[in-house]
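Trainee: Predicted model and sequence below, questions to follow.
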Number of protein chains: 2
Amino acid sequence: MVCLNPATRLNAMNKLTARTPLSEAQEDYLKQVLLLGSGGEGMGKLEDTLAVSTQDLADRMQVKPASVTGMLKKLAELGLVQYEAYRGVRLTEAGHKVALEVLRHHRLIEAYLHQALGYGWEEVHAEAEKLEHHISEAFERRIAEWLGHPSHDPHGDAIPSATLELPQTIPNRRLAALRSGQYGMVARVATQDQDSLNLFAHLGLKPGAQVQLLEHVAEGSRVQVGKERYLLPVSLAQVLWIHLEGDPYVDHI
Amino acid sequence: MVCLNPATRLNAMNKLTARTPLSEAQEDYLKQVLLLGSGGEGMGKLEDTLAVSTQDLADRMQVKPASVTGMLKKLAELGLVQYEAYRGVRLTEAGHKVALEVLRHHRLIEAYLHQALGYGWEEVHAEAEKLEHHISEAFERRIAEWLGHPSHDPHGDAIPSATLELPQTIPNRRLAALRSGQYGMVARVATQDQDSLNLFAHLGLKPGAQVQLLEHVAEGSRVQVGKERYLLPVSLAQVLWIHLEGDPYVDHI
DNA sequence: CAAATTTTTTAGGCTATCCTAAACTTTTAA
DNA sequence: TTAAAAGTTTAGGATAGCCTAAAAAATTTG
């Protein structure tokens, strides 16, 4: 009998499990670990990612903490996450790759639904959420080609490239962090809540739109969009990311 | 306490279950009952449909007969099939509707992949098989519109309309049933076997292609396609449906 | 028409994913 | 620095869908 040292055994395990197709639930967990671990921004490097708590995952997955624990143990066995009780979870290299693949599917599908099929940018999330697990690599390739290999989806989120790299993040600010009179362009609408999306769409606050902060008041932020003035509640002003006039700029919308 | 008569209770049950979303497996079973029950052709009327045996379903679903029995009992409880032990299974009105919806999804997706994304007509089946269960009604509507509400998919199979009606079938013959010298157009390639599809595609035998039967020999049928002559094995000559010159004709390719 | 064959059902298991309630750690804050 | 709060795990179940082996029923055939 051949006896492998621990490191070799781990490698053998990872090889094996890389072939096993993951369940939809497993892919969703990995995606959420990625998103939560990078605080919603620039998830380029695996190293400067945060450990994610069971509770946060439970909230995102709409599931009880106990269920999360079970799944994390399984994902750890598969070599996709590093999991330590009470200390949260991180993606491994392998898990990071899977998460980026799922994210690429999701955001490419959103872009395709919007640009090829005429979905409103606020409608695409739910449909992409279902489809992301069920398209082939061929499908991914063809829609990416059709779109001309876009770098961002209709919400302004970066799309991992075919080699799973993320485009460089450009410095943006939350609308809630702007000072009175500052002026800029909506770069990203960072919510998946359907009601919020509908409202933003209704107000014309989509990526690319020009917006000016009038002032912050107790209830939220007063803004000007075109000729209209609105009061955005704090929660919404927190998820609207603005590219300020004068900041370094990369065209991606 | 209110007591319902049997008929009313059945209705109540069907109403209830119409809301319950069906699993992928359940939808597949219903689709196969439809396809097997209408002998591969014209499944317009539910009435002149055949009872389908457990064994046939097991073969199609790649599953053991015992598993089929279990599923049929469940579908019968849901009011989607009429099931009687040893006497096979038929769709109910409700089950027929579901099966046609799934079939519409499948065939619309095939047409869309072919026409919008440039898939080869022989490649679309596998992808459609996965996607058919995961698209929304909105997606269905949009691709149907993009395609201009097509009546047939790239294999020549009829697509149920938005109201779940099937276009009238035109009289075709299997290539294996043609007489020497007869000449016609490929109307339908009725196989889902990937190797067969690849071969047909390689020979140019796709819906719309002109073909002449030279003669039947022991090994199969000798045909002429353009300037080339081929020998098609019997199994393939059985699944190629030909529209003969002179037969009544409806343009749908 | 009864024996052989085919078909169907029953019974008992397996895996994946989720749940709740209760027990147990760790962290936080007075 | 210890007690309350927050976070995590254990234990025990549920459902869905598949499996096998063996029993039972129907059909076919000599």
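Mentor: Cool, the structure landed.

Trainee: only C-alpha atoms for contact and neighbour calcs from this point on.
Mentor: Fine.

Trainee: pLDDT (mean, whole number) over the helix or strand A:His106 falls within?
Mentor: Per DSSP states H and E: A:His106 is located in helix A:93-117. Mean pLDDT, helix A:93-117: 95.

Trainee: One more: stretch A:235-248?
Mentor: 85.

Trainee: do the same with stretch A:200-216
Mentor: Confidence over stretch A:200-216 (mean pLDDT, whole number) is 95.

Trainee: end-to-end on it?
Mentor: Terminal residues of stretch A:200-216 are spaced 18 Å apart (CA to CA, to the nearest Å).

Trainee: Return the distance of it from the chain's centre.
Mentor: When C-alpha coordinates are averaged (CA atoms, centre = their mean, to the nearest Å), stretch A:200-216 and its chain have centres 21 Å apart.

Trainee: Same check on stretch A:221-238?
Mentor: Using CA atoms, centre = their mean, the distance from the centre of stretch A:221-238 to the centre of the chain it belongs to is 24 Å.

Trainee: Tell me the spacing between A:Arg87 and B:Ala116.
Mentor: 48 Å.

Trainee: quick one: which of these two has more around it?
Mentor: Under the neighbour definition other CA atoms under 10 Å in any protein chain shown, A:Arg87 and B:Ala116 were set side by side, and B:Ala116 has more, 17 against 11.

Trainee: Please report how far the more buried one lies from DNA strand D.
Mentor: Note on B:Ala116: its distance to DNA strand D, by CA to the nearest atom of the strand, to the nearest Å, is 31 Å.

Trainee: which residues of chain A fall in strands?
Mentor: Counting by DSSP state E, chain A has these strands, from start to end: A:81-83, A:89-91, A:173-174, A:183-189, A:210-217, A:220-225, A:228-233, A:240-244.

Trainee: of all those strands, which lies closest to A:Pro21?
Mentor: Shortest separation from A:Pro21 across the strands of chain A is recorded for strand A:81-83, at 16.0 Å, computed as CA to CA.

Trainee: any idea of the mean pLDDT for the closest one?
Mentor: Across strand A:81-83, pLDDT averages out at 89.

Trainee: Likewise for stretch A:176-189?
Mentor: Summarised as a single mean, pLDDT over stretch A:176-189 is 94.

Trainee: which outside residues touch that stretch?
Mentor: Around stretch A:176-189, the neighbours that count as contacts under CA atoms under 8 Å, 6 or more residues apart in numbering or on different chains are A:155-157, A:172, A:205-216, A:221, A:234, A:237-245, A:253.

Trainee: Repeat that for stretch A:118-137.
Mentor: Contacts of stretch A:118-137 (CA under 8 Å, 6+ apart): A:24, A:27, A:102, A:105-107, A:109-110, A:113-114, A:154-155, A:192, A:194, A:197-198, A:201, B:127, B:130-131, B:134-136.

Trainee: For that stretch, output the C-alpha coordinates as PDB.
Mentor: Once side chains and other backbone atoms are set aside, the C-alpha atoms of stretch A:118-137 remain, and they are given as PDB (Å, rounded to 0.1, in the frame of the first residue of the first chain):
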ATOM      1  CA  GLY A 118     -34.700  44.100 -24.100                       C
ATOM      2  CA  TYR A 119     -35.200  43.400 -20.400                       C
ATOM      3  CA  GLY A 120     -35.100  46.500 -18.200                       C
ATOM      4  CA  TRP A 121     -31.800  46.700 -16.300                       C
ATOM      5  CA  GLU A 122     -33.800  46.400 -13.100                       C
ATOM      6  CA  GLU A 123     -35.500  43.200 -14.200                       C
ATOM      7  CA  VAL A 124     -32.500  41.000 -15.000                       C
ATOM      8  CA  HIS A 125     -31.300  39.900 -11.600                       C
ATOM      9  CA  ALA A 126     -34.000  37.400 -10.800                       C
ATOM     10  CA  GLU A 127     -33.800  35.700 -14.100                       C
ATOM     11  CA  ALA A 128     -30.000  35.500 -14.000                       C
ATOM     12  CA  GLU A 129     -30.100  34.100 -10.600                       C
ATOM     13  CA  LYS A 130     -31.900  31.000 -11.900                       C
ATOM     14  CA  LEU A 131     -30.100  30.600 -15.200                       C
ATOM     15  CA  GLU A 132     -26.500  31.100 -13.900                       C
ATOM     16  CA  HIS A 133     -26.400  27.400 -12.700                       C
ATOM     17  CA  HIS A 134     -27.800  25.900 -15.900                       C
ATOM     18  CA  ILE A 135     -25.900  27.300 -18.900                       C
ATOM     19  CA  SER A 136     -23.000  25.500 -20.600                       C
ATOM     20  CA  GLU A 137     -19.600  26.900 -21.300                       C
END
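
Trainee: about what we covered before: buried ones from the contacts of stretch A:118-137, can you make that a PyMOL selection?
Mentor: The PyMOL command for the buried members of the contacts of stretch A:118-137 (criterion: 16 or more other CA atoms under 10 Å in any protein chain shown) is given here:
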select buried, (chain A and resi 27+102+105+106+107+109+110+113+114+154+155+197+198+201) or (chain B and resi 127+130+131+134+135)
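
Trainee: Within reach of DNA strand C, which of the contacts of stretch A:118-137 are there?
Mentor: When CA under 7 Å from any atom of the strand is applied, the members of the contacts of stretch A:118-137 adjacent to DNA strand C are A:Glu24.

Trainee: In contact with the residue of the stretch 151-253 of chain A found nearest chain B, which residues?
Mentor: In the stretch 151-253 of chain A, the residue that lies nearest chain B is A:Gln194 (16.2 Å; CA to the nearest CA). A:Gln194 makes contacts with A:122-123, as judged by CA under 8 Å, 6+ apart.
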